[in-house]
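S.K.: no sequence on hand, only this structure:
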């Protein structure tokens with residue numbers, strides 16, 4: 001009996017030593033609420049229960065292994081979930097949010113797989129609504145979402161400065177330009193300041209610049225303590241269609257604020273889009289949001305946005321010149 005106990009103790013000790021430098025974390029976010037969208041379509045307003053209104057619902061696994069000498073192996077597998085139907089988000093892709101493996105060390109980090117786009121990561125940090133709720137800037141900005149077949153390099157933090165470079169393979173036989181994406185960013189984050197610039201170029205299946213495929217995004221946040229000020233600017237260029245290679249251009253501005261007050265946070269932003277090629281095709285959006293923290297991991301939310309279109313614009317709307325009014329409220333829980 002004593003030998004058996006000793007063997008069990010030794011096995012436990014060796015197992016602990018073998019896995020002491022490795023870790024795997026299971027995490028998630030569950031978000032569901034009521035949404036009402038009146039986008040001016042002839043069918044009328046739509047009201048329903050939606051998933052991921054503040055942030056996309058998800059279930060994730062992330063891990064790291066210490067390889068010695070400051071080198072680590074890392075991975076992330078993250079599924080998007082639709083709580084309203086119990087299905088996968090991202091068109092039913094099992095790990096549609098993120099799926100990558102990589103190495104990190106003194107040199108920075110390299111990740112390979114399905115990852116956030118360069119402009120998406122910057123936009124998420126700059127937007128007072130964090131690219132969620134009714135007021136998120138991505139309703140007029142074009143930040144992209146995630147890139148398949150992507151290799152991304154992140155620099156180490158150099159006194160607050162970091163950078164990244166991303167190359168997403170198009171994987172079209174005989175044409176390395178088709179469906180290819182390249183991007184780069186630079187970020188300064190220290191004290192109350194967050195400032196970033198990003199560039200991304202997305203090619204279409206023919207190897208030309210996609211319709212909204214060339215983007216320069218500049219944004220920042222300044223934390224005054226009592227409130228945060230947000231600002232962003234983006235130029236969006238591309239070809240008007242696959243057959244008409246006339247270049248289009250849009251310019252988008254955003255200013256906003258986040259005001260915390262006890263367990264509450266108030267959000268506001270104003271966004272304007274200017275189309276440089278099409279007359280009477282501009283748009284404006286005003287958005288308001290409210291968050292109430294029930295605990296560190298659970299909060300209630302509500303938001304409202306109004307997007308007004310010129311006569312030739314259809315942003316977020318169901319008809320030319322229509323005004324979109326979007327309201328939602330719900331509950332978010334993290335684990």
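M.R.: Thanks, I have the structure now. Just so it is clear, the model here is predicted, and its values are computed rather than measured. Residues are numbered from 1 along each chain as shown.
S.K.: what score does the closest residue to residue 331 other than its chain neighbours have for pLDDT?
M.R.: Nearest in space to residue 331, with sequence neighbours left out and distances taken as CB to CB, 6 or more residues apart in numbering, is residue 300 at 5.9 Å. Where you see a C-beta, it was placed from the backbone N, CA and C, and this is true even at glycine. We have a pLDDT of 98 for residue 300.
S.K.: wasn't residue 300 part of a strand?
M.R.: Yes. Using DSSP: H, G, I helix; E, B strand; the rest coil, the secondary structure at residue 300 is a strand.
S.K.: and it, how many neighbours?
M.R.: 17 (other CB atoms under 10 Å).
S.K.: how about the one 5 residues further on?
M.R.: Residues lying near residue 305 (other CB under 10 Å) number 24.
S.K.: beta partners for it?
M.R.: Beta bridges link residue 305 to residue 287, residue 326, judged by DSSP bridges.
S.K.: contacting residues for it?
M.R.: 134, 135, 139, 285, 286, 287, 288, 324, 325, 326 (CB atoms under 8 Å, 6 or more residues apart in numbering).
S.K.: can we see that at 6 Å?
M.R.: 134, 135, 285, 287, 326 (CB atoms under 6 Å, 6 or more residues apart in numbering).
S.K.: just put these in CSV and tack on pLDDT and distance to residue 215.
M.R.: Putting the contacts of residue 305 into CSV (pLDDT from 0 to 100; distance: CB to CB, whole Å) gives the following:
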residue, pLDDT, distance to residue 215
134, 92, 23
135, 84, 21
285, 97, 18
287, 97, 21
326, 97, 24
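S.K.: mind checking how far the residue nearest to residue 331 is from residue 267?
M.R.: 13 Å (CB to CB, to the nearest Å).
S.K.: repeat for residue 56
M.R.: Applying CB to CB to residue 56 and residue 267 gives a distance of 18 Å.
S.K.: and these two? which has more neighbours close in?
M.R.: Per other CB under 10 Å, whichever of residue 56 and residue 267 has more neighbours is residue 267, with 23 against 19.
S.K.: figure out the helix or strand that the more buried one lives in.
M.R.: Following DSSP states H and E, one finds residue 267 within strand 264-275.
S.K.: again, but for residue 94
M.R.: Short version, using DSSP H and E: residue 94 is in no helix or strand.
S.K.: report pLDDT for it.
M.R.: On pLDDT, residue 94 comes in at 96.
S.K.: count the residues that sit near it.
M.R.: 10.
S.K.: hang on, the earlier thing: for residue 131, see how far away the residue nearest to residue 331 is.
M.R.: Applying CB to CB to residue 300 and residue 131 gives a distance of 19 Å.
S.K.: quick one: the helices in the stretch 51-200 of the chain, in order.
M.R.: 118-126 (DSSP state H, counting those that start in this stretch).
S.K.: show me where it has strands.
M.R.: Secondary structure of the stretch 51-200 of the chain (DSSP state E, counting those that start in this stretch): strands at 58-68, 71-82, 87-88, 98-105, 108-116, 146-154, 161-168, 181-190, 193-203.
S.K.: switch those over to a markdown table; also include mean neighbour count and mean pLDDT.
M.R.: Shown next, in a markdown table, are the strands of the stretch 51-200 of the chain (neighbours: other CB atoms under 10 Å; pLDDT from 0 to 100):
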| stretch | mean neighbour count | mean pLDDT |
| --- | --- | --- |
| strand 58-68 | 15 | 98 |
| strand 71-82 | 18 | 98 |
| strand 87-88 | 14 | 97 |
| strand 98-105 | 17 | 98 |
| strand 108-116 | 19 | 98 |
| strand 146-154 | 19 | 97 |
| strand 161-168 | 18 | 98 |
| strand 181-190 | 18 | 98 |
| strand 193-203 | 20 | 96 |
